[in-house]
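# would you be able to build a 3D model of this:
(2 chains)
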Amino acid sequence: MHPLDWAVVAAYIAWLIWDGVKRTKLERTTESYFLANRSMPWWAVGLSVMATQLSAITLVGTTGQGYNDGLRFVQFYYGLPLAMVILCVTLVPFFYRAKVYTAYEYLERRFDLKTRTLTSGLFLVSRAMSCGAIAAAPAVVLSVVLGWSVTTTTLVILVPAVIYTMLGGVQAVTWTDVKTMGLTVVALGIAMVFLVRGLPGGVGVHDALSIAGGTGRLQAFDFTFTLTETYTFWSGMLGGLFLMLSYFGCDQSQVQRYLTARSLDDARTSLLMSAYWKIPLQVLVLVVGVFTFVFYLFNQPPLLFNPIHDERVRSGESAAAYNELQQEFQAAFETRREAAVAIASARHADDLREQARATDEFNRQDAALRSIRTRAAALVKQTTGDATYNDVNYVFPTWITTALPIGIVGLWIAAIITAATDSIAAELNSLSTASVIDFYKRLVRPAGHDEHYLIVSRAATGLWGAFAGFVAVYASSLGSLIEVVNRFGSFFYGSILGVFMLAILAPRATGTGAFVGLIAGMSAVASVAFGRPDVSFLWHNVIGAGVVFIVGLTVSLFTGDQKSKIQIRS
Amino acid sequence: MPADSPRNWSRTYVSVIVIEVLALLGLWWLQSHFGI
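Got it, this is the predicted structure:
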């Protein structure tokens, strides 16, 4: 990267830290540290909700998915707007009026201490691990792209997040989110401009869309009803609905965002911002990926997008075979490029029959080129022993660093780093809140001064940051452990939604019913996950919530107690 | 803290769903107009 790009990255990160540190003097109580004294405007909260969900993996991995599969992934979000409406009607007013700090605090008021402690503990375990994974994935990609060690890129992502979250609390997190969302949208817009400008003369946007559509990359609907496919209309509408209800309604990292809103109306409006804008934003990210695919139809792409692996195969024992593949790839690229131009020419001539024939020919050439890439990937696996090699996450970073002008490259690298940083900051803030409010203050030292809790909260943020750093740096050696914990998280996601459904929809539900239901729900999801691994994880949320609700209600009917009568109402 | 306004949220919720349907119709048009 050019020194100017480094300057852009350094200046942007320095600005984030300075702005966060500046807010230290605003944080004098735990309520301001965790909830900004419930004073944030709806638009800042709304952008923060969206930014927390948009991590570096969205920018790097989702554009890669757009490049490979097109718009198919957007179906994952089809249930989101309805989920937001349901949450605005149900959980948001309960949380807001109950004046809670954590979603799980509400469960003690409605049920009992053991239900609160179990759900909050599950949140802490799964989120702490996923926080490490959120840092590790972009750290690995950036280490390859920038040529730094994974430890360095992990520190570049984590250290700013820890500093400004420790000092500035939720205000620093929210205002950083606002800046990052602005930067991301601008960066995506600039990327689209340069991708369109990268099309050759005679090939316009309509032609690019026709070529992408001809390969199936504009397919945004798959109405097949199957439990084994993740991205279909039905899994998005139903499985996605339950996942979004769990994530935005029961996960402290999201609930804490809208608890900072200055009124219930502002909390609702901030959530509805995602309902309006999440699908268009996701389509924009995927369309950038689709146009990257079209860009590389007319501009020579590398055979392997991961430069480290490319270098290793080039200098390894398969170098001769790899060189042959390079030549084959070059010839296949030229043939495919001519086929793509033929589609555009047929479209200009308004010759539908010729356009269909050219599209068939293009798809044949594209399949031939993909087969060469598959053979190159096999050489990587043979050389490096990495059986899971996949370079989809390196496609877009390669385009950024080779096709964008000086300055804009720095802007994009800053956007990727800070997208990871601010997602981690929100996680650290919520981990600190749950550990201090649900455990330290509730179980260890209930009668401390507020200043004491503020010091403990800052220390907890730092400790969770150090833990996330450890997980991120040792992610490769902890691989199977992280996978286990992530799977464990998916068992708990739908199940905890079931507990909240019991709390709100079933006045006769009891603490014991909710606790037993939660264990039953997690066990049911674990049985499906291990017994039928082909069932998509989106359906785990539906199964978990359903089992918790049915078992919880049944147990409650046999173990009715007084607590069930104390339901938090407005 | 400002009091909650007597806002008609039902109309807002309906508008969210209507806008989602329009967005999906837009994607459907994109898929069918340029797709195979």
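# so which helix or strand takes in the nearest residue to A:Trp175 once chain neighbours are set aside?
Closest residue to A:Trp175 apart from its sequence neighbours, by Cβ to Cβ, 6 or more residues apart in numbering or on different chains: A:Asp19 at 6.5 Å. To be clear about C-beta, it is placed using only N, CA and C from the backbone, and glycine gets the same treatment. Using DSSP states H and E, A:Asp19 sits within helix A:3-22.
# what is that helix packed up against?
Counting by 3 or more Cβ pairs under 8 Å, 6 or more residues apart in numbering or on different chains; DSSP states H and E, the packing neighbours recorded for helix A:3-22 are helix A:150-197, helix A:408-433.
# compute the inter-axis angle for the longest one and helix A:408-433.
What that stands for is helix A:150-197. 130 degrees (axes from the mean of the first three to the mean of the last three Cα atoms, to 10 degrees).
# distance from the helix or strand following helix A:150-197 to the middle of the chain?
Downstream of helix A:150-197, the first helix or strand assigned by DSSP H and E is helix A:205-214. Computed by Cα atoms, centre = their mean, to the nearest Å, the separation of helix A:205-214 from the middle of its chain amounts to 28 Å.
# same check on stretch A:127-134?
11 Å.
# swap in stretch A:267-284?
The answer for stretch A:267-284 is 15 Å, by Cα atoms, centre = their mean.
# cool, stretch A:116-133 as well?
With Cα atoms, centre = their mean, you get 16 Å for stretch A:116-133.
# so the residue nearest to A:Trp175 sits against A:Thr176, correct?
Yes - counting by Cβ atoms under 8 Å, A:Thr176 is a contact partner of A:Asp19 at 7.1 Å.
# which residues are in contact with both of those two?
Both A:Asp19 and A:Thr176 are contacted by A:Tyr164, under the criterion Cβ atoms under 8 Å, 6 or more residues apart in numbering or on different chains.
# all strands for the stretch 1-150 of chain A, in order.
With DSSP state E, counting those that start in this stretch, there are no strands along the stretch 1-150 of chain A.
# what parts of it come near chain B?
A:38-39, A:71, A:74, A:78, A:81-82, A:84-85, A:88-89 (Cβ under 8 Å from any Cβ of the partner chain).
# any figure for the gap between A:Leu35 and A:Thr29?
From A:Leu35 over to A:Thr29 the distance is 10 Å, taken as Cβ to Cβ, to the nearest Å.
# leaving out sequence neighbours, find the closest residue to A:Val100.
A:Tyr106 (5.0 Å).
# dump the helix holding A:Asp19 to CSV, restricted to CA.
The C-alpha coordinates for helix A:3-22 follow below in CSV (Å, rounded to 0.1, in the frame of the first residue of the first chain):
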residue,chain,number,x,y,z
PRO,A,3,2.1,5.8,2.3
LEU,A,4,-1.0,7.9,1.7
ASP,A,5,-3.2,4.9,2.2
TRP,A,6,-1.4,4.1,5.5
ALA,A,7,-1.9,7.7,6.5
VAL,A,8,-5.7,7.5,5.8
VAL,A,9,-5.9,4.2,7.9
ALA,A,10,-3.8,5.6,10.8
ALA,A,11,-5.7,9.0,10.8
TYR,A,12,-9.1,7.3,10.9
ILE,A,13,-8.2,4.9,13.7
ALA,A,14,-6.6,7.7,15.7
TRP,A,15,-9.7,9.8,15.3
LEU,A,16,-11.9,7.0,16.6
ILE,A,17,-9.7,6.5,19.7
TRP,A,18,-9.4,10.3,20.3
ASP,A,19,-13.2,10.7,20.1
GLY,A,20,-13.7,7.7,22.4
VAL,A,21,-11.2,9.0,25.0
LYS,A,22,-12.8,12.4,24.8
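# and A:Gln327, how many neighbours?
9 (other Cβ atoms under 10 Å in any protein chain shown).
# where does it fall, secondary structure wise?
A:Gln327 belongs to helix A:319-348, assigned by DSSP H and E.
# next secondary structure element downstream of that helix?
helix A:352-384.
# so who does the closest residue to A:Gln365 other than its chain neighbours touch?
Of all residues not flanking A:Gln365 in the chain, A:Arg336 sits nearest, at 4.0 Å (Cβ to Cβ, 6+ apart). Remark: with contacts taken as Cβ under 8 Å, 6+ apart, A:Arg336 is in contact with A:297, A:362, A:365-366, A:368-369.
# pLDDT for those residues - can I get that in TSV?
Converted to TSV, these look like this (pLDDT from 0 to 100):
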residue	pLDDT
A:Leu297	94
A:Phe362	92
A:Gln365	93
A:Asp366	93
A:Ala368	94
A:Leu369	94
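# find me the pLDDT at residue 19, would you?
Just going to use chain A. The score at A:Asp19 is 86. That number is its pLDDT.
# wait, chain B was what I had in mind.
In this model, B:Ile19 carries a pLDDT of 94.
# hmm, the one helix or strand it maps to in reach of chain A?
Element membership of B:Ile19 [criterion: DSSP H and E] is helix B:9-34. Yes - for helix B:9-34 and chain A, the contact criterion (Cβ under 8 Å from any Cβ) is met by B:9, B:12-13, B:16-17, B:19-20, B:23-24, B:27-28, B:30-31, B:33-34.
# let me know the closest of these to A:Leu281.
B:Ala23 (11.2 Å; Cβ to Cβ).
# residue contacts, the closest one?
A:279-280.
# report the separation between it and A:Thr260.
Distance from B:Ala23 to A:Thr260, by Cβ to Cβ: 28 Å.
# over to A:Ser435?
19 Å.
# looking at those two, which is more packed in?
Shown here are A:Ser435 and A:Thr260; by other Cβ under 10 Å, A:Thr260 has more neighbours (26 against 23).
# in contact with that one, which residues?
A:35-36, A:38-40, A:45, A:170, A:174.
# which of the residues you listed sit farthest apart?
So, those by Cβ to Cβ: farthest apart are A:Arg38 and A:Thr174, at 12.2 Å.
# quick one, which of the two is more surrounded?
Using other Cβ under 10 Å as the criterion, A:Arg38 and A:Thr174 rank with A:Thr174 on top: 28 against 17.
# and that one, what does it touch?
A:36, A:40, A:44-45, A:48, A:257, A:260.
# ok, 6 Å please
A:40, A:44, A:48 (Cβ atoms under 6 Å, 6 or more residues apart in numbering or on different chains).
# how about it: what's its closest non-neighbour residue?
A:Ser48 (4.4 Å).
# surely the one you found touches A:Asp177?
Yes - assessed by Cβ atoms under 6 Å, A:Ser48 is found in contact with A:Asp177 at 3.9 Å.
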